[in-house]
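Undergrad: Predicted model and sequence below, questions to follow.
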Amino acid sequence: MTFQMLAGCCFVLGALHAAPPQSQAPQSAPPPAQRQQAAKPPQGKAGAPQGLTREAEAYYQFLLGRHLESEGNATGAIAAYSEAARLDPKSAEIRVEIASLHARENRLAEATAMAEAALKLDPRNAGATRLLGFIYADMAQVDEGMAAFETGAAASAARAAGYLETARRSLEMPDPAVDMVLGRIYIRSGASDKAIPVLSQLVVDQPGQPEPVNLLLQAYLQAGRAAEATSTLEAAVGLQPQYFPMLAELYERQRRWTDAASAYERAIERMPKNLELRTRLAAVLLSDGGGAQVGRALDLLQQLRRESPAELRVLYLLAQAQREAGKLDDAEATARQLMAVAPGSPTGAYALGVVLGQKQQYRGVVETLEPVVSAPASTSA
């Protein structure tokens, strides 16, 4: 709004709220009808006080629209905003306000048209570009998963990104909502190089918020920058310990077995009954090797078998741990249990074949693996 409009606003507020001047010595109170007439400010077109400049009257209608909208009167608010736009045809902000109200009322075609009208008056208007960016992002269903966009959605996503990039350059302060949507668009479009700087700053600006961290991790991994993804998680777990399982998985990818085991242990501290986390810890301990680690894995897996005797991965890892600990008879018994639990799966046969091979029972190896090798792929999977 212009300085003249702000001055007009002050005039309007003064006209609406100033107390009527008192005489030096009032003789008697005026009749009720006269009091009512005196208290009512002079009215002009559409309820505006008389004597206002055109710009001041436009701002009056703008304020009236805000008031009506706050009371839930969307129709009245649109009428007031439209009158303000008629009175001030060069104001982009009034048109942005109308567009925003249309969007909140889910009238997206009207919102788009009005926001575009605002951009004709002010091509870099932050409010209009921000709103159009969100509208096209909604059309592209940006929040629906993280897979690559299909053709139609990709076009809408590209338009959304263009508007949001303009809005981002025009905004006086960072807008986390704009950065979040832009980050999602970039990742789903395969533009991780654009996503990383936007999301890195968002993580700094929004400490303790999980979604920016999740998006930044995806961007780093998409770009093949696993070390930086790991550093991001290492910094995040202090405020967000729920990231320990993800950090452990990243350590696994980098074959950092000791760090992975430590991260899984921290995760298990928060979720001590979680079967998946404890199974993963056992697998990492076996990958690390060494007698002490194998012993820890063996103890853990024996406990897990007591809790979940039919869990296939637990049985498979237990057979492996028993083999590595030199307990071949125990490993054979566990492998046969695995075959009994999942007779159609090759996992048990493979585990048993490895044990029999270590025991130099080669005929048994052939008899165990031959049915699996000769079985059709559909039944041996």
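TA: The structure has been received and is ready for your questions. Residues are numbered from 1 along each chain as shown.
Undergrad: For residue 298, see how far away residue 102 is.
TA: In this structure, residue 102 and residue 298 are 66 Å apart, going by CB to CB, to the nearest Å. C-beta coordinates here come from the backbone N, C-alpha and C atoms, glycine included.
Undergrad: quick one: average pLDDT of the helix of greatest length in the chain?
TA: When the chain is parsed with DSSP state H, its longest helix is helix 151-170. For helix 151-170, the mean pLDDT works out to 95.
Undergrad: Okay, buried residues for that helix please.
TA: With burial defined by 16 or more other CB atoms under 10 Å, the residues of helix 151-170 counted as buried are 153, 156-157, 159-161, 163-168, 170.
Undergrad: again with stretch 347-360
TA: Residues 347-356 are the ones in stretch 347-360 that count as buried (16+ other CB under 10 Å).
Undergrad: do stretch 172-191 as well
TA: The neighbour-count check on stretch 172-191 (16+ other CB under 10 Å) flags 175, 178-189, 191 as buried.
Undergrad: how far out from the middle of the chain is that stretch?
TA: 10 Å (CA atoms, centre = their mean, to the nearest Å).
Undergrad: What of stretch 333-342?
TA: On the basis of CA atoms, centre = their mean, stretch 333-342 sits 43 Å off its chain's mean C-alpha point.
Undergrad: where along the stretch 201-350 of the chain do the helices fall?
TA: Along the stretch 201-350 of the chain, counting by DSSP state H, counting those that start in this stretch, helices occupy 210-222, 226-236, 244-253, 257-270, 275-288, 291-307, 312-324, 328-341, 346-358.
Undergrad: need those in CSV with mean pLDDT and distance to residue 78, can you?
TA: Listed next are the helices of the stretch 201-350 of the chain as CSV, based on pLDDT from 0 to 100; distance: least, CB to CB, whole Å:
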stretch, mean pLDDT, distance to residue 78
helix 210-222, 95, 34
helix 226-236, 94, 45
helix 244-253, 95, 47
helix 257-270, 96, 51
helix 275-288, 96, 54
helix 291-307, 95, 63
helix 312-324, 96, 61
helix 328-341, 95, 67
helix 346-358, 92, 66
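Undergrad: Of those, which stretch is the most buried?
TA: Among these, helix 312-324 has the highest mean neighbour count (mean count of other CB atoms under 10 Å), at a mean of 23.
Undergrad: Of the buried residues of stretch 172-191, which is the nearest to residue 123?
TA: Ranked by distance to residue 123 (CB to CB), the buried residues of stretch 172-191 are led by residue 178 at 17.8 Å.
Undergrad: The closest one against residue 171, yeah?
TA: Yes - the pair residue 178 and residue 171 passes the contact test of CB atoms under 8 Å, sitting 7.2 Å apart.
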